[in-house]
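*Asks:* Sequence plus the predicted model coming up.
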Amino acid sequence: MKLRVNPNRMELLRLRRRLVIAKRGHKLLKDKQDALIKQFISLVKENKALREEVEKRMADAYRSFLAARAVMSSRALEEAIMLPGVKSFLTADRSNMMSVFVPRFRFEQEGNVVNYGFWGTSGELDVALDDFADLLPKMVKLAEIEKAVGLLADEIERTRRRVNALEYVMIPQLEETIRYITMKLDEMERSTLSRLMKIKEIVRAH
């Protein structure tokens, strides 16, 4: 559907400039969309691999913990894990990824997770707590990646809508309107030329 404009040369020039800008913007947005999708696929693959690793190691850690609970008394287990031996520090920042600000987490640990005496405790508890401590940085990284994936997915959708709006609405409208104005101007030019020729004939006849 063409735009409602006055069919004159000034409007034609303005619409032609708008068409050039719209096509350039469409190309830039299409390139951005392709780059976003490429980055998104890369992050999804990284997220899948890390999630599988975390889930497997989490299951192993829980098995070790259950084994420890089976051979230790409830009181001994509670006393062993009552006081934490590790301090954890998490700082959050963000970085620009294809015009999308994604989170960046920095996770640090200090101390020794096994801070209890060995009397009355089992080796399975040591293994379980070590595994849980090793898992924390990976879980923070997983949270960072999954948030980035969600933000990129939202940006891809927004960019796709803009690309489609330009490709299927704005650019066709501009092109159709330009054709309409060009046709009208040609008709007006032919009509003017016809009138001029008639005037010349009348002048010559007199």
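*Replies:* Yep, that arrived.
*Asks:* switch to C-alpha atoms for all contacts and neighbour counts from now on
*Replies:* Will do.
*Asks:* Look up phi and psi at residue 113.
*Replies:* Per-residue torsions, residue 113: phi -70, psi -30 (degrees, to the nearest 10).
*Asks:* mind listing the strands for the protein?
*Replies:* In the chain, the strands defined using DSSP state E lie at 86-97, 100-111.
*Asks:* Using CSV, please lay out these together with distance to residue 136, mean neighbour count and mean pLDDT.
*Replies:* Listed next are these as CSV, based on distance: least, CA to CA, whole Å; neighbours: other CA atoms under 10 Å; pLDDT from 0 to 100:
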stretch, distance to residue 136, mean neighbour count, mean pLDDT
strand 86-97, 9, 11, 88
strand 100-111, 8, 15, 89
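*Asks:* Turn those into CSV, including distance to residue 175.
*Replies:* As requested, those are exported to CSV (distance: least, CA to CA, whole Å):
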stretch, distance to residue 175
strand 86-97, 35
strand 100-111, 33
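*Asks:* of all those, which lies closest to residue 158?
*Replies:* Ranking the strands of the chain by proximity to residue 158 (CA to CA) places strand 100-111 first, at 11.6 Å.
*Asks:* buried set for the one helix or strand in the chain whose mean pLDDT sits lowest?
*Replies:* Least confident helix or strand, the chain: helix 74-81 with a mean of 76, by mean pLDDT, DSSP states H and E. By neighbour count on 16 or more other CA atoms under 10 Å, the buried set for helix 74-81 is 77, 80.
*Asks:* what separates that helix from the chain centre, distance-wise?
*Replies:* Chain-centre distance of helix 74-81: 46 Å, with CA atoms, centre = their mean, to the nearest Å.
*Asks:* One more: stretch 172-182?
*Replies:* Relative to its parent chain, stretch 172-182 has a centroid offset of 35 Å by CA atoms, centre = their mean.
*Asks:* By residue count, tell me the biggest helix in the protein.
*Replies:* Taking DSSP state H as the criterion, the chain has its longest helix at helix 9-71.
*Asks:* about what we covered before: what angle do the least confident helix or strand of the chain and helix 9-71 make?
*Replies:* Helix 74-81 and helix 9-71 are oriented at 130 degrees to each other (axes from the mean of the first three to the mean of the last three CA atoms, to 10 degrees).
*Asks:* show me where pLDDT drops low in this structure?
*Replies:* For the chain, the stretches with pLDDT under 70 are 1-2, 115-121, 206.
*Asks:* which one of the strands of the chain lies closest to residue 203?
*Replies:* Of the strands of the chain, nearest to residue 203 by CA to CA is strand 100-111, at 71.8 Å.
*Asks:* packing partners for the closest one?
*Replies:* Using 3 or more CA pairs under 8 Å, 6 or more residues apart in numbering; DSSP states H and E, the elements in contact with strand 100-111 are strand 86-97, helix 123-165.
*Asks:* Partner strands of the first one and their direction?
*Replies:* Put plainly, it is strand 86-97. strand 100-111 (antiparallel) (DSSP bridges).
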